[in-house]
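Undergrad: what follows is a predicted protein model with its sequence.
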Amino acid sequence: MRKIDDRGPGVAGPGAAAKAVLSIAGASGETRGVALVLHGGRSNSFESVRGRHLSPARMLPFARALHTGGGPHGLAVWTLRNRYRGWNGADMSPVQDAQWALSHISREHPGVPVYLLGHSMGGLTALCVADHPQVEAVAALAPWLNAETPVERVAGRRILIVHGTEDRWTSPANSLAYARRADGVAESVDYVALKGAGHFMVRRVGLWNSLANGFILDAFAGSSGRDLKGSADSFRSLIPAAGASLPVVL
């Protein structure tokens, strides 16, 4: 199922006709939780996002794995394709799109827990919209953060940040600093430094997937009371105790 952007036209110029798109893999039976998957992008661009672009395509294996692991237990997976490729300064274009997606989730599944998974710009976006009342957990992969990224929005949420030590596009040091600032604000904070991994999650891809999807499924199992042995257990075998010292190096 897909939902096409029902908001008015965006900016003038080449992006005026751009539409956000939500692809929805529904849960089997009753929907007990929703995972919202957010992709990366660029600092500045009002170019329309296309399905062939690598940023949204990079997140499809995560979405499929989440649906395989959680769908039979009641987890729906919504994958957002933004209108524009850029963050675009004060416009914060992907934040507007994520808020639009969350509004649809709230209308269709009021009160159901939501779990956010984002990469790069999508990780920043996820942390910026974590204050939505239905959001319970956020997994941010190689997020694009700085000293001004607010931590108040993750208050009471479970947070996982994973960053490769060889990332040259976004800063592992900024991510760790954010995790330390969020510790004590969020319900729990896990930070994993992946040795030798870069920004695009090619190296150690299996571990990126195990951590991100295991974290979301673990949070879903805790909220829904469903027995998801396997992926959720695998996550806790990698990070045995919530609130472990930061960083955990794998």
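TA: Right, received. Where do you want to start?
Undergrad: could I get the pLDDT score of the residue nearest to the spatial centre of the chain?
TA: For the chain, the residue sitting closest to the mean C-alpha position, by Cα atoms, centre = their mean, is L117 at 1.8 Å. On pLDDT, L117 comes in at 98.
Undergrad: from what I can see it touches A65, true?
TA: No: with contact defined as Cβ atoms under 8 Å, L117 and A65 do not form a contacting pair (10.4 Å). Glycine gets a C-beta too; all of them are placed from N, C-alpha and C.
Undergrad: common neighbours of the two, please.
TA: Common neighbours of L117 and A65, counting by Cβ atoms under 8 Å, 6 or more residues apart in numbering, are N213.
Undergrad: so the residue nearest to the centre of the chain, which state does it fall into?
TA: For L117, the assignment made with DSSP: H, G, I helix; E, B strand; the rest coil gives strand.
Undergrad: how near is it to A63?
TA: Using Cβ to Cβ, to the nearest Å, L117 is found at 8 Å from A63.
Undergrad: go on, W87?
TA: Per Cβ to Cβ, W87 is found 22 Å from A63.
Undergrad: list the contacts of the residue nearest to the centre of the chain.
TA: 35-38, 59, 62, 66, 126, 138-139, 141, 212-213, 216.
Undergrad: which of the residues you listed fall in helices?
TA: For the contacts of L117, the ones inside helices are M59, F62, L66, A126, A212, N213, I216, with DSSP state H as the criterion.
Undergrad: and the buried ones among the residues you listed, selectable in PyMOL?
TA: Selecting the buried subset of the ones in helices among the contacts of L117 in PyMOL, with 16 or more other Cβ atoms under 10 Å as the burial test, is done by:
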select buried, resi 59+62+66+126+212+213+216
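Undergrad: quick check, nearest of the ones in helices among the contacts of L117 to V189?
TA: For the ones in helices among the contacts of L117, the residue nearest V189 by Cβ to Cβ is A126; the value is 14.0 Å.
Undergrad: pretty sure that closest one sits against A137.
TA: No: when contacts are counted by Cβ under 8 Å, A126 is not listed as touching A137 (9.9 Å).
Undergrad: common neighbours of those two, please.
TA: Joint contacts of A126 and A137 (Cβ under 8 Å, 6+ apart) are L116.
Undergrad: next SSE after the helix or strand of the chain with the lowest mean pLDDT?
TA: Least confident helix or strand of the chain, by mean pLDDT, DSSP states H and E, is helix 231-238 with a mean of 71. Per DSSP states H and E, helix 231-238 leads on to strand 248-249 as the next helix or strand towards the C-terminus.
Undergrad: same question for that following strand, mean pLDDT?
TA: Per-residue pLDDT values across strand 248-249 average out to 90.
Undergrad: ok, L80 to V49 distance?
TA: In this structure, L80 and V49 are 10 Å apart, going by Cβ to Cβ.
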